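Trainee: everything below, folded, please.
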Amino acid sequence: MATPTRWRKVKSANKPKQNIADSKREESQSQWIKLSEFSLKKQLHLMYASERIKAFITDMFMINMPLLYLTTYVFLDGKEAFTHNQNVIFACGIGYGVILSLFFAFTSQTPGYRYMCLKLVRYNSHQSYGDEADSKNPQFLESQVENKADSINNINKVGFIRSFVRYVVWVFGTSFLFGLLIGIFRKDGRCLHDILCKTQVVSVT
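Mentor: Numbering: from 1, shown residues only. This next block holds a predicted model:
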C-alpha cells in the first residue's frame, strides 16, 4: 500500500517543474504581438526608438567622427586615400565597434547612452530585483523606489565579447533593416541583435 502513496508524491513533485516549463514555453511563444493589438507608437516607445537614435547620433559625432578624421588626415594622405582603401574603412568600422564594446563592457553606457539615460544590460537582469520581492513586506515598494538608482548600478553588465558580437549583428541587421523591424513586432521591443546576444536596452531615469 505504500507504493501508490509514494508514486503520488513523486508525481506531485514533478508537477511544479512541468508547470514552470509550460509557463516558459508559453512566454517564449507569446513574444510576438497580434496584429489586432499592434500600435506603432507604443512599440517605438517600448523600443526607446527616439532615445536610441539620438544616442546613435551622439556616438557617431563623439567617437566615430574623430576616429575617421584621425585616420584620414593623420594616418593617411587625405580623403582620396581613405575612400579608395577598403581595408582602412573596414578597420575603422571594427575600431568603432571595439570602442563601443569597451564602453558597454565597463560602464554599460556609451556617451550617447549616458546622454539619453539608457543602459545596455543582459536580458531580464533588470527584472531580477523586482522578482525577488516579498509580497508580504509592505515596505518593499517604498524601498524599491528609493533604491532604484542603486539597483540599476548592480545590474549584470554585458561583457566585451557579447557587446562586440552584438555590434556585428547590429551592422548586418541594420543594413538589411530586418534586424530593426523585428523589434517592432515583439512585445519586449528587442531587435535581432538584442535577441541573439540576450541583451536589452533599459532606461535609468
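
Trainee: quick check: residue 96 touching residue 65?
Mentor: No. Checked against C-beta atoms under 8 Å, the pair residue 96 and residue 65 is beyond contact range at 10.0 Å. C-beta here means a position set from N, CA and C on the backbone, and glycine is covered the same way.

Trainee: more neighbours: the two, which one.
Mentor: Set residue 96 next to residue 65 and count neighbours by other C-beta atoms under 10 Å: residue 96 wins out with 19 against 12.

Trainee: the nearest residue to that one once chain neighbours are set aside: neighbour count?
Mentor: Once flanking residues are discounted, residue 96 sits nearest to residue 64: 5.0 Å by C-beta to C-beta, 6 or more residues apart in numbering. By other C-beta under 10 Å, the residues close to residue 64 number 17.

Trainee: what helix or strand is the closest residue to residue 159 other than its chain neighbours located in?
Mentor: Distances taken as C-beta to C-beta, 6+ apart put residue 105 closest to residue 159, at 5.7 Å, once the chain neighbours are dropped. Assigned by DSSP states H and E, residue 105 belongs to helix 86-107.

Trainee: now for that helix, which elements pack on it?
Mentor: Under the contact criterion of 3 or more C-beta pairs under 8 Å, 6 or more residues apart in numbering; DSSP states H and E, helix 86-107 touches helix 65-70, helix 79-83, helix 111-115, helix 160-175.

Trainee: which of those sits most buried?
Mentor: Of all these, helix 111-115 has the most neighbours on average by mean count of other C-beta atoms under 10 Å, namely a mean of 19.

Trainee: tell me who's in contact with residue 62.
Mentor: Residues near residue 62 by C-beta atoms under 8 Å, 6 or more residues apart in numbering: 111-112.

Trainee: let's see that with 7 Å instead.
Mentor: By C-beta atoms under 7 Å, 6 or more residues apart in numbering, the contact list for residue 62 reads residue 111.

Trainee: could you verify that it is part of a strand?
Mentor: No. Assigned with DSSP: H, G, I helix; E, B strand; the rest coil, residue 62 falls outside any strand and is helix.

Trainee: separation between it and residue 99?
Mentor: According to C-beta to C-beta, to the nearest Å, residue 62 stands 10 Å off from residue 99.

Trainee: residue closest to the middle of this structure?
Mentor: The residue lying closest to the centre of the chain (C-alpha atoms, centre = their mean) is residue 200, at 1.9 Å.

Trainee: tell me which element it falls in.
Mentor: Taking DSSP H and E as the criterion, residue 200 maps to strand 199-203.

Trainee: next, the buried residues of that strand.
Mentor: Within strand 199-203, the residues scored as buried using 16 or more other C-beta atoms under 10 Å are 199-202.
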